[in-house]
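1. Need a 3D model of the following:
(2 chains)
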There are 2 protein chains.
Amino acid sequence: MGVLEDLKAKLGESGVLEGEAAAEKAQGGWSHLGTPKAVIRPATTEEVSFVLKTCHAAGQGVVAWGGKTGLVEGGNAEGLIALSLERMNKIEAIDPVSGTMTAGAGVPLQAACDAAEEKGFFFPLDLGARGSATIGGNIATNAGGNRVLRYGMMRELVLGVEAVLADGTVISAMNQMLKNNAGYDLKQLFIGSEGTLGIVTRAVLRLRAAPKSQDTGFVAVDEFAKLPKLLRHMEAALGGTLSAFEVMWEDFYKLVSTEPAQGRPILPHGSPYYVLVEGLGGNQDEDTPRFENALMGALEAGLASDAVIAKSQAERDAMWALRDDVAQVINLFPIFTYDVSLRIADMETYIEKVKADLSAKVPGHSLIVFGHLGDGNLHVIVGSHDGTPETRRLVEGIVYDPLRDIGGSVSAEHGIGLEKRPYLGWSRSPAEIALMATLKRTLDPKNILNPGKVLEPEIKAAAE
Amino acid sequence: MGVLEDLKAKLGESGVLEGEAAAEKAQGGWSHLGTPKAVIRPATTEEVSFVLKTCHAAGQGVVAWGGKTGLVEGGNAEGLIALSLERMNKIEAIDPVSGTMTAGAGVPLQAACDAAEEKGFFFPLDLGARGSATIGGNIATNAGGNRVLRYGMMRELVLGVEAVLADGTVISAMNQMLKNNAGYDLKQLFIGSEGTLGIVTRAVLRLRAAPKSQDTGFVAVDEFAKLPKLLRHMEAALGGTLSAFEVMWEDFYKLVSTEPAQGRPILPHGSPYYVLVEGLGGNQDEDTPRFENALMGALEAGLASDAVIAKSQAERDAMWALRDDVAQVINLFPIFTYDVSLRIADMETYIEKVKADLSAKVPGHSLIVFGHLGDGNLHVIVGSHDGTPETRRLVEGIVYDPLRDIGGSVSAEHGIGLEKRPYLGWSRSPAEIALMATLKRTLDPKNILNPGKVLEPEIKAAAE
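-> Just a heads-up that it's a prediction; the model follows:
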């Protein structure tokens, strides 16, 4: 076909993979990537521009691929062209005076973090997929993770981006400053829009001062209402250094600290909630006593029923290993996984309702809850004895429906992709969705950029 | 005329001011507000929607007014309808569990901060206009100020907004969570777009833990290259609590610490740079020694040539009073004021060039420089013996032209409004400006929202 010939002529044979080679590239995704017609591997922004211009002229759909660790089929390229940013993986510059890094979209998150560390800085985004997920994918999904409470989501960590529009126009908004209010902040269009409004090729990241201390504690809490109080207590007592406040419901904690899991209990089983608390500060000698005092204060105030502080890196690692061992849910297969957000004040009632509905409607289910409480973000995993589409829809209803009335979100940090598209209207009003469709239609009138993701094609058509 | 009659019928007589009453409302702006045809004072989002629907049908231009403290004629309503949000000034709710505030756009910043404090929280936005500037205006301009380094600009402090589009459509995106990635983040359209894409009526603000300690120091630095090093040193040593790093060039410092100014020198004159450093932390007993050690370390490392720490609130107030006494530039009248941002690494060369060009081309000038160095944001004030448009243009060229080559911004935090509109192209590429115009045309096809601000009308026309 003409498009692929044109792309080969420009990018060379190694820049355009088809057949087996393309199918192989589509393996190993954390959610289904489909079978792309071809995988295109541009090496420069100018090549990305050429690819999109060519596809735009032909009305050919294009799906951007980063580290392929998305969880909601945002990268599903079935029958379309996949545009992999894997060759745009250079860290172009680190400016130690301003504290910024300029990097290609294909740089893996871990590589960016390592490069920052080498220069005495810190790039704070931290999530399970850090080894594979790329800066471009982090931007496209507005990635969150474990330190949002302190440093914000990817949106707050990006100063500038370069992106290519559907028609090949290059928008180079590589701002290097914390403050820049010269006109509309165009980069916001490309952050969190899952490759549907443009393809990010490069970015300027904000680096932070490298922490010089790390204090990690593990806390048992005996009732939900104490969790937000403990959060506020630790925030205030640590004066700006609280970096993680990860809550595990009892069932999650048991799962990751009991065989066949490798982990063992850090505090005894039997508490309804466990919290991993971490501070990243400037001076270990001063911060450790402060952290100890803060936890002591929490125990004295009755906000915590038990607590332990990591005394070594091995102990710290053991705490994080429990939190990170989400893979144990494999023992509950088939499972359905959710990533919701809601006001902390609504969480207890919400989880009770989900529990009650599951008990009533899904016999033999299991329910695993954990998440970034300070961010309003809970990960909810439901194990069921069958994984049929009917059961999936039933469970989706149980998990998503209560969010409609309380202003909750069906996607805290994973995005909408294909998987959550039917539920976008649970968290967004018709006016909001119509405005999203207007933006999509304006920036991508031929609907070639990740077509069908985030927004229903019929909504788009209906609005026209 | 029909529009005003319709608005009176809906809003009542007190909701529509004309003639003298309207002219009076246009007094006291920090930049020119023009003479509006009428000032409309809706009390609800529904009324704002009615006003815009009516004006949209009639093709009537509307300029939103908040606290009227904008500095770039963003609120100039000459011959147009001014829509004041002053009656939408209710703090609707504070959620102490999630740490959020829901407020009308017309709430003054100081009132929001006070209400947060009453509930044991902290809303960190801090700027000179705090008593008059409103939450809606802070959002429309993406306000910055003194604590951006630690807490971000207004964009980072807003979780949700409600806004009314040009045609009266209400976009209620009153998200309450730190994390929400269900579709495009529409609020970003309204933050920093100066009322040209929609009018913000309500917002959800993120509150932070109230600081329990405050440490303030005043430091002399003998060469520019040491300033960013001192910044990084303090960031690292204070481990997350560094909240202000305000640099004053010598001329500014002399101006505000010499008669007729009220202030007196905190450190002796004679240093090229002075820095006000502040940390906001969790425990005064622990934080003060930490702050002292950090400054001591800076002195020992030669990053500071002299330093003093405030030992009382009065001493702290005296330090901030110097920084805040920008009004002293009245002694240099006529003056031209600028608000630029650039990479810290470029600052020294940039200021040298501005100095040299002023010396060559503007006899008898004075040059005052200060700002938020960590944010890349410098305020530059040039006194001249005449304030003619020709001299203004000459000085604008001297200040703005060098920014073109180094990726600097003609507006760090004041916005573009009318005043900087001719220079938008200094900081944004034609492709970026074309995309801004596309957004404007899509959301406001009749160009009724703050028409002529930010974007040149002719650019808009040319793109059509």
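
2. Counting neighbours, what do you get for the residue in the stretch 101-250 of chain A that chain B sits nearest to?
-> Closest approach between the stretch 101-250 of chain A and chain B, counting by Cβ to the nearest Cβ: residue A:239, at 2.6 Å. For glycine as for every other residue, the C-beta is placed from the backbone atoms N, C-alpha and C. Applying other Cβ atoms under 10 Å in any protein chain shown, we find 28 residues neighbouring residue A:239.

3. Roughly how far does it sit from residue A:222?
-> To residue A:222, residue A:239 is 26 Å away according to Cβ to Cβ, to the nearest Å.

4. And residue A:271, by the same measure?
-> Counting by Cβ to Cβ, the separation of residue A:271 from residue A:222 is 6 Å.

5. can I assume the residue of the stretch 101-250 of chain A closest to chain B is in contact with residue B:210?
-> No: the criterion here is Cβ atoms under 8 Å, and residue A:239 misses it with residue B:210 at 10.4 Å.

6. re the thing from before, the more surrounded of residue A:271 and residue A:222?
-> Applying other Cβ under 10 Å to residue A:271 and residue A:222 shows that residue A:271 carries more neighbours, namely 19 against 15.

7. I'd assumed residue A:249 was in contact with the more buried one.
-> No: using Cβ under 8 Å, residue A:271 is not in contact with residue A:249, being 10.1 Å away.

8. pLDDT at the one residue sitting closest to the centre of chain A, what is it?
-> Nearest residue to the geometric centre of chain A (Cα atoms, centre = their mean): residue A:143, 3.5 Å. What the model reports for residue A:143 is a pLDDT of 98.

9. same question, residue A:351
-> 98.

10. Need the nearest residue in space to residue A:427, chain neighbours excluded.
-> Take residue A:427 and drop its neighbours on the chain: the residue closest to it by Cβ to Cβ, 6 or more residues apart in numbering or on different chains is residue B:182, 4.0 Å away.

11. can you count the residues close to the one you found?
-> Neighbours around residue B:182, by other Cβ under 10 Å: 27.

12. any idea how far residue A:408 is from it?
-> 9 Å.

13. And for residue A:346?
-> As judged by Cβ to Cβ, residue A:346 and residue A:408 stand 7 Å apart.

14. Looking at those two now, which is surrounded by more residues?
-> Taking other Cβ under 10 Å, residue A:346 and residue A:408 do not tie; residue A:408 has more neighbours (26 against 20).

15. Hmm, that one is touching residue A:340, no?
-> Yes: contact criterion Cβ under 8 Å: residue A:408 and residue A:340 qualify, at 6.0 Å.

16. who touches both of these two?
-> Common neighbours of residue A:408 and residue A:340, using Cβ atoms under 8 Å, 6 or more residues apart in numbering or on different chains, do not exist here.

17. Let me know the average pLDDT across the one helix or strand residue A:340 maps to.
-> For residue A:340, the enclosing helix or strand under DSSP states H and E is strand A:335-341. Across strand A:335-341, pLDDT averages out at 96.

18. For it, list the C-alpha coordinates in CSV.
-> Backbone C-alpha positions of strand A:335-341 (Å, rounded to 0.1, in the frame of the first residue of the first chain) are rendered in CSV as follows:
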residue,chain,number,x,y,z
ILE,A,335,-9.8,-10.9,38.2
PHE,A,336,-11.1,-7.5,37.2
THR,A,337,-8.9,-4.5,38.1
TYR,A,338,-10.1,-0.9,38.7
ASP,A,339,-8.4,2.4,39.5
VAL,A,340,-10.9,4.8,40.9
SER,A,341,-10.7,8.1,42.8
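
19. Quickly check: that strand near chain B or not.
-> Yes: using Cβ under 8 Å from any Cβ of the partner chain, strand A:335-341 comes into contact with chain B via residue A:341.

20. who's in contact with residue A:201?
-> A:45, A:48, A:85, A:88, A:104-105, A:136, A:162-164.

21. can you list the domains in chain A?
-> A:2-84, A:91-209, A:213-326, A:333-412, A:426-463 (automatic domain parsing).

22. tell me which parts of the stretch 201-350 of chain A are close to chain B?
-> By the criterion of Cβ under 8 Å from any Cβ, the positions of the stretch 201-350 of chain A lying close to chain B are A:208-213, A:228, A:232, A:235-241, A:280-283, A:286-287, A:290, A:294, A:341-345.

23. what touches both of residue B:182 and residue A:408?
-> By Cβ under 8 Å, 6+ apart, residue B:182 and residue A:408 have these common neighbours: residue A:427.

24. all strands of the stretch 51-200 of chain A, in order?
-> A:62-65, A:81-84, A:91-95, A:100-104, A:121-122, A:158-164, A:170-173, A:199-206 (DSSP state E, counting those that start in this stretch).

25. Would you mark the buried spots in the fourth one?
-> Same thing as strand A:100-104. For strand A:100-104, the buried set under the neighbour-count rule, 16 or more other Cβ atoms under 10 Å in any protein chain shown, comprises A:100-104.

26. same check, this time on stretch A:110-123
-> Of the residues in stretch A:110-123, A:110-113, A:115-116, A:121-123 count as buried by neighbour count, 16+ other Cβ under 10 Å.

27. now swap in stretch A:73-90 and tell me
-> Under the neighbour-count criterion of 16+ other Cβ under 10 Å, stretch A:73-90 has A:73-78, A:80-89 buried.

28. would JSON lines of the contacts of residue A:201 with distance to chain B and pLDDT be doable?
-> Listed next are the contacts of residue A:201 as JSON lines, based on distance: Cβ to the nearest Cβ, whole Å; pLDDT from 0 to 100:
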{"residue": "A:45", "distance to chain B": "12", "pLDDT": "98"}
{"residue": "A:48", "distance to chain B": "14", "pLDDT": "98"}
{"residue": "A:85", "distance to chain B": "20", "pLDDT": "98"}
{"residue": "A:88", "distance to chain B": "19", "pLDDT": "98"}
{"residue": "A:104", "distance to chain B": "18", "pLDDT": "98"}
{"residue": "A:105", "distance to chain B": "18", "pLDDT": "98"}
{"residue": "A:136", "distance to chain B": "16", "pLDDT": "98"}
{"residue": "A:162", "distance to chain B": "11", "pLDDT": "98"}
{"residue": "A:163", "distance to chain B": "10", "pLDDT": "98"}
{"residue": "A:164", "distance to chain B": "10", "pLDDT": "98"}
